[in-house]
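Trainee: Take a look and give me a structure for this.
(chains A and B)
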Amino acid sequence: MNKPTVVRVRFAPSPTGFLHIGGLRTALFNYLFARNNNGKFILRIEDTDRTRYVEGATENLISILNWSGLDYDEGPYLDTHGKIYQKGDYGPYIQSQRIEIYKRYAMELLKKGFAYRCFCSPQRLEEVRKLQLLNKQPPKYDRLCRNLSETESNRRAAIEPYTIRLKVPDEKIVFTDIIRDKVEFDGSLIDDQVLLKSDGYPTYHLANVVDDHLMEITHVIRGEEWLSSTPKHILIYKYLDWQPPQFAHLPLLLNPDRSKLSKRSGDVAVEEYKKEGYLPEALLNYVALLGWSTEDSQQIFTKQELIDKFSLSRCSKSPAIFDKQKLLWMNSEYIRKTDPYKLMEYSIPFFVSYGIKIDINNSEIKEYIVKLIQLEQQKIKLLKDIPYMIEFFLKPDTEIEYKENVVKKYFYLDTQKQILIEVRDMLQTITQFDKTTLEHQLRNFCSNRGYKTTEVFQLLRAAVSGRSEGPGLFDLLFFLGKERVINRINLVIKKFFLNIK
RNA sequence: GGCGUCAUCGUCUAGGCUGGUUUAGGACGCCGCUCUCUCAAGGCGGAGAUCACGGGUUCAAAUCCCGUUGACGCCA
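Mentor: The predicted structure follows:
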């Protein structure tokens, strides 16, 4: 009886820093594939390369993955105190806690004759490599230790450090990739990969294969940079008598200069996008379109649509450049559709870093901010922009910043002063200080006195906000309130027109 | 250096398997007009791709085949 095969996929990052945009895309595709197939999505931490380990990187990875909304079914999680705990029947999910397992399989390979001990020193390896490069040969281990007799190998193992290498046969290794179809490699050209390092730690290749098997991973969905090492993995499966999973190698994500997306050029840390005020849904939606598309070229997807419509067969093979402009557009699309109350909540940390203190226990001020956000919602591209866009509603009248170009343009003519005085006096008489009344009165004011609306409205805007752009004037005045409006006009008259007759 | 992968507007891509319905479709960006108290958003329109190149198969190729080139990745 075959048990029904449940789709199981994993995202297996190395904790070497922050979660990378490329990593997020890989995680997303795994997530979508799992959810689409009613399968399991697993997080595994591949931290066996101790030289690249960064303190706190695992916690970081988990928390940013959490922020992105890609929930997984098994793996390490963070508790409320930020401590790691693990959940799932296939654990531990952190490779550094599985070292003995890898050792065991390395030994099995050794025993079966599919691997061998290599006693070559790093210095000798380096010399061999140099010589090969000099002769324009591909740098590759010369297999010196491959033919050591068993007794010789055992004898030296007792007294010398050694690594364990895979015996790569001189034959063609062919496999079918879901995205790329048939891929063929010549075994005679592949290096005898080190599986177990002299310190007893496994290399990526061994640990990865062992875990994928033990965790019953059915589909390996990863970046194209792993395509060339796949034949080695296939070999390990074969030698251990295991059924290999199906492979799908995603096209690479590139910098605008067409190099592999890297930390060196541009922002690649998901953390950075969070800090800039991108919504996770927008980031995910954008990244989903890098290497995947629907036939009708749909651009905006809900998460559920993404899950329902996703399929590996619609993934493209060619690499994609990460285009920040389009991401920005998509983010504003999402912000426009987000509930203003949520936007208010999301924007609080951005107010803090902007230097505006908001009393989060004061529901009145929060309501007010929600209204203000609503006024500008169409224009917000990043959450980061919110404080700047509405700060003049929140600052005391005396702290309004008057832009230089505004002062030059609006606060220097005698007629402008006159208009301000007249408008102020007119506004003073309005008892119903609401939008419709304001609009009605201001338009009447203009037509009665023969002023152009643009002239008066922009002048008023400048006087109360210090800017030449912003929300509609009547909204602006209404949400400021009569008292502050009058006060600000007076302040401007005093401050800028004092020297004018 | 070897091996591998890829190749449609500046960018993301549809179409390619099952050749003609494609004067190659959509999205971002760009430009213009419009709406308008401003900035956006919206509406309308525009520019932008000899489908990398060369050869073949065919009445017909972006689509099938072969080769070349380029880009990128991996191996240290």
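
Trainee: May I have stretch A:158-173 as PDB, with CA atoms only?
Mentor: The C-alpha trace of stretch A:158-173 is given here as PDB (Å, rounded to 0.1, in the frame of the first residue of the first chain):
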ATOM      1  CA  ALA A 158      43.400   6.900  13.300                       C
ATOM      2  CA  ILE A 159      46.200   9.500  13.300                       C
ATOM      3  CA  GLU A 160      45.400  12.100  10.600                       C
ATOM      4  CA  PRO A 161      42.600  14.500  10.000                       C
ATOM      5  CA  TYR A 162      40.500  13.800   6.900                       C
ATOM      6  CA  THR A 163      37.500  14.800   5.000                       C
ATOM      7  CA  ILE A 164      35.000  12.500   3.300                       C
ATOM      8  CA  ARG A 165      34.500  12.900  -0.400                       C
ATOM      9  CA  LEU A 166      31.900  11.700  -2.700                       C
ATOM     10  CA  LYS A 167      33.100   9.300  -5.400                       C
ATOM     11  CA  VAL A 168      31.600  10.900  -8.500                       C
ATOM     12  CA  PRO A 169      31.500   8.300 -11.400                       C
ATOM     13  CA  ASP A 170      32.500   9.000 -15.000                       C
ATOM     14  CA  GLU A 171      29.000   8.800 -16.300                       C
ATOM     15  CA  LYS A 172      26.300  11.100 -17.500                       C
ATOM     16  CA  ILE A 173      23.900  12.300 -14.800                       C
END
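
Trainee: Low-confidence regions, the stretch 201-350 of chain A specifically.
Mentor: A:263-266 (pLDDT under 70).

Trainee: Helices of that one, start to end?
Mentor: A:204-214, A:230-239, A:270-276, A:280-288, A:303-309, A:324-337, A:340-354 (DSSP state H, counting those that start in this stretch).

Trainee: count of residues packed around the nearest residue to residue A:38 once chain neighbours are set aside?
Mentor: Spatial nearest neighbour of residue A:38, excluding adjacent residues (CB to CB, 6 or more residues apart in numbering): residue A:7 at 7.2 Å. Placement of C-beta: from N, CA and C, glycine included. Applying other CB atoms under 10 Å, we find 17 residues neighbouring residue A:7.

Trainee: so residue A:7 makes contact with residue A:39?
Mentor: Yes - the pair residue A:7 / residue A:39 is scored as a contact, 2.8 Å apart, by CB atoms under 8 Å.

Trainee: Point out the other helices and strands that whatever helix or strand residue A:418 lives in packs with.
Mentor: Using DSSP states H and E, residue A:418 sits in helix A:414-429. Here helix A:414-429 touches helix A:435-449, helix A:453-465, helix A:482-496, going by 3 or more CB pairs under 8 Å, 6 or more residues apart in numbering; DSSP states H and E.

Trainee: which one of the ones you listed lies closest to RNA strand B?
Mentor: helix A:453-465 (3.6 Å; CB to the nearest atom of the strand).

Trainee: list the helices and strands the closest one packs on?
Mentor: Helix A:453-465 packs on helix A:404-410, helix A:414-429, helix A:435-449, helix A:473-480, helix A:482-496, going by 3+ CB pairs under 8 Å, 6+ apart.

Trainee: most tightly surrounded among these?
Mentor: Mean neighbour count (mean count of other CB atoms under 10 Å) peaks for helix A:473-480 among these, with a mean of 20.

Trainee: contacting residues around that one?
Mentor: For helix A:473-480, contacts defined as CB atoms under 8 Å, 6 or more residues apart in numbering pick out A:368, A:371-372, A:375, A:393, A:427, A:433-436, A:438-439, A:442, A:457, A:460-461, A:464-465, A:470-471, A:485, A:488.

Trainee: Good, wrapping up.
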